[in-house]
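A.B. asks: Fold the following for me, if possible:
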Amino acid sequence: MPKVVGRFIAEMVYGINARGSVRLSEIARALEEDIPLIKTIDRLSENLAREGLVNEIVDRVAAEACARIKDDTLLTIDPSDISKRYAKKMEYLATVRDGSTGELSDGYWTCQVIGAQNGEPETMPLYMSLYSQESPEFVGENEEILKAVDSLCKHVKKRGVWVMDRGGDRENLLKPLLDRGLKFLIRLVGTRHLIYKGKAVSALNLALSCRLDYMDRIAKEERGTEKMVRLEYGYRKVKLPGREEPLYMVVVKGFGEEPMMPITNVEMRKNRKVLWWAVESYMTRWRIEETVRFVKQSYDLEDIRVLRYERLKNMMGFVLASAYFAAVHLGMKSKHQILARHAMNLSRRIFGIPDFRFYALADGIRELLMKAGKGISTCLYQDHPDPQSDLFAT
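C.D. replies: Residues are numbered from 1 along each chain as shown. Reported below is the predicted structural model:
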């Protein structure tokens, strides 16, 4: 990127990590420039208005991450929200349903894609966007989701399996995924009609009559206690009305009164290991929700205060870059493993490091950067062969 833009990106990612905040005033304080604070804020705000900057950052993250995406990597799409209940002057404020309270509120919608592998604890933030239905450029939620899919497919091609909750059970999503030749695993709603043995049958009726040949037990945590849950599962080979591609509805009983019904175009057969892959893949989607909470809480995303829509959208690119650095670059690269542990040890957590380590890691990064010296210049702009290693050696 142009030198000025590259430096601006470095400053923003540094400031977000150093302060754990997306507020421009906090980012500016982290830079500790020898000029009045308001001048630093104005400069950051002006650069943040660069049109399409979020697309450039998202594209760079996808290009860096694509080598980590395997054929069976789960690419979970998670539509979420940023609630701005008391905001009045932010551009194109829309009505959203606050995911924390379930109540309607002013704010913005977000779309995130998180990568994960079955049986592995790490997750990878791969895509983030912000949008509003009040914006004149808004077409629809389906288009925003497919935009995320196409943005990543530019680099990962047809690798990975796209995963969504029941909100993804729409013909305007299922058919485009089939048209693009992409693999998917999407939870069905009971009213969806499928073609089974040449007849249209509701998904729920089909699930209730499905033979469940396999059984497993899993440990499920509820309110701080762990209990064993018995799962029974099987599958039906089906089609979508008007389509010829073979699909497989996996039926899982044990999570609630009604069976869980994910549908996939990944071939299923009477084999415990094959069917369990589908069950485990959907359960992995629940783990992704923790990554979404991590992003919101670690960077205080709902405290975002820029007023203009272009700046709001661009800020999501910087949050993605910051989350990717913490969760993937620092957490996975072998030469930085010891630095990741050092960062977590500095997080000052009272009850130790939790299973979801990214919270502690983000806190540790913030502590390190605040101790590293005067602003970003002492960390990134000195003539060192490896600025990151030098930073974490501080």
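A.B. asks: residue boundaries of the strands in the stretch 151-300 of the chain?
C.D. replies: 161-164, 183-187, 193-196, 199-202, 214-222, 225-238, 247-253, 262-264 (DSSP state E, counting those that start in this stretch).
A.B. asks: on contacts alone, who are the packing partners of the third one?
C.D. replies: This points to strand 193-196. Judged by 3 or more Cβ pairs under 8 Å, 6 or more residues apart in numbering; DSSP states H and E, the packing partners of strand 193-196 are strand 199-202, helix 203-208, strand 225-238. Placement of C-beta: from N, CA and C, glycine included.
A.B. asks: Give me the below-cutoff pLDDT ranges for this structure.
C.D. replies: Within the chain, the segments meeting pLDDT under 70 span 221-224, 330-361, 363-364, 367, 370-394.
A.B. asks: Between strand 214-222 and the longest helix along it, find me the angle.
C.D. replies: Looking across the chain with DSSP state H, the single longest helix is helix 272-298. Calculated by axes from the mean of the first three to the mean of the last three Cα atoms, to 10 degrees, helix 272-298 forms an angle of 20 degrees with strand 214-222.
A.B. asks: Pull out the buried positions in helix 272-298.
C.D. replies: In terms of neighbour count (16 or more other Cβ atoms under 10 Å), helix 272-298 has its buried residues at 275-279, 281-285, 287-288, 290-292, 294-296, 298.
A.B. asks: immediately after it, which helix or strand?
C.D. replies: Per DSSP states H and E, the first helix or strand lying C-terminal to helix 272-298 is helix 309-324.
A.B. asks: Distance from that next one to the middle of the chain?
C.D. replies: 13 Å (Cα atoms, centre = their mean, to the nearest Å).
A.B. asks: by contact count, what packs against it?
C.D. replies: Contacts defined by 3+ Cβ pairs under 8 Å, 6+ apart place helix 309-324 against helix 3-19, helix 37-48, helix 53-65, strand 123-131, helix 272-298.
A.B. asks: Looking at these, spot the one closest to Ile365.
C.D. replies: helix 3-19 (5.0 Å; Cβ to Cβ).
A.B. asks: how far does that closest one sit from the chain's center?
C.D. replies: Its chain's C-alpha centre and that of helix 3-19 lie 21 Å apart, by Cα atoms, centre = their mean.
A.B. asks: buried ones in it?
C.D. replies: Neighbour-count burial for helix 3-19, with 16+ other Cβ under 10 Å as criterion, is recorded at 8-19.
A.B. asks: Moving C-terminal from it, which element do we reach first?
C.D. replies: In N-to-C order, the element after helix 3-19 by DSSP H and E is helix 24-31.
A.B. asks: what inclination does that following helix have with respect to helix 37-48?
C.D. replies: Going by the same axes, to 10 degrees, helix 24-31 makes 110 degrees with helix 37-48.
A.B. asks: And for helix 24-31, what's in contact with it?
C.D. replies: 11-12, 14-16, 18-19, 21, 37, 40-41, 44-45, 48, 305-306, 369-370, 375-376 (Cβ atoms under 8 Å, 6 or more residues apart in numbering).
A.B. asks: Alpha carbons only: can I get it in PDB?
C.D. replies: Extracted C-alpha coordinates of helix 24-31, given in PDB (Å, rounded to 0.1, in the frame of the first residue of the first chain):
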ATOM      1  CA  LEU A  24     -10.100   7.300  18.200                       C
ATOM      2  CA  SER A  25      -9.200   9.300  21.400                       C
ATOM      3  CA  GLU A  26      -7.800   6.100  23.000                       C
ATOM      4  CA  ILE A  27      -5.900   5.100  19.800                       C
ATOM      5  CA  ALA A  28      -4.500   8.600  19.600                       C
ATOM      6  CA  ARG A  29      -3.300   8.500  23.200                       C
ATOM      7  CA  ALA A  30      -1.500   5.200  22.600                       C
ATOM      8  CA  LEU A  31       0.500   6.800  19.800                       C
END
